[in-house]
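**Student:** sequence unknown, structure follows:
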């Protein structure tokens, strides 16, 4: 099961602070990221890593936790919760891995609408800050 191998690395990367250099080792060169707040898919390792790193900076606070994990072959679904500026965020990461455990497709879905708006606001600010750095 490639998802099991990939998820092990994903969790280690998250625990280590979700650093871009660690994500680069886990994301396939042709990976695609589907954001809950950006209309078009983000294609290629550099863009996927940029979005995942920014998400880690905005969502990955002390309240972030995975509450459920489902694995089926190359696919995994991880449900998470977190708090952002007193807004409860409930979301799902849908991740597809290749045979080597590399991320090839990553989709994030978030609820409720108030949480989607908060994530959009904070992710946009983080991505702008990262672009200036």
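**Tutor:** Yes, it's here. Note that this is a predicted model, so its numbers are computed, not measured.

**Student:** contacts, neighbours, all on C-alpha from now
**Tutor:** Will do.

**Student:** okay but residue 23 is in contact with residue 11, surely?
**Tutor:** No. Residue 23 lies out of contact with residue 11 (CA atoms under 8 Å); the separation is 11.0 Å.

**Student:** Comparing those two, which residue is more hemmed in?
**Tutor:** Per other CA atoms under 10 Å, whichever of residue 23 and residue 11 has more neighbours is residue 23, with 23 against 12.

**Student:** now for the least confident helix or strand in the chain by mean pLDDT, which elements pack on it?
**Tutor:** Across the helices and strands of the chain, mean pLDDT, DSSP states H and E gives its lowest value to helix 113-132, namely a mean of 82. With contacts defined as 3 or more CA pairs under 8 Å, 6 or more residues apart in numbering; DSSP states H and E, helix 113-132 has these neighbours: helix 45-59, strand 87-97.

**Student:** what angle sits between it and strand 87-97?
**Tutor:** Relative orientation of helix 113-132 versus strand 87-97 (axes from the mean of the first three to the mean of the last three CA atoms, to 10 degrees): 70 degrees.
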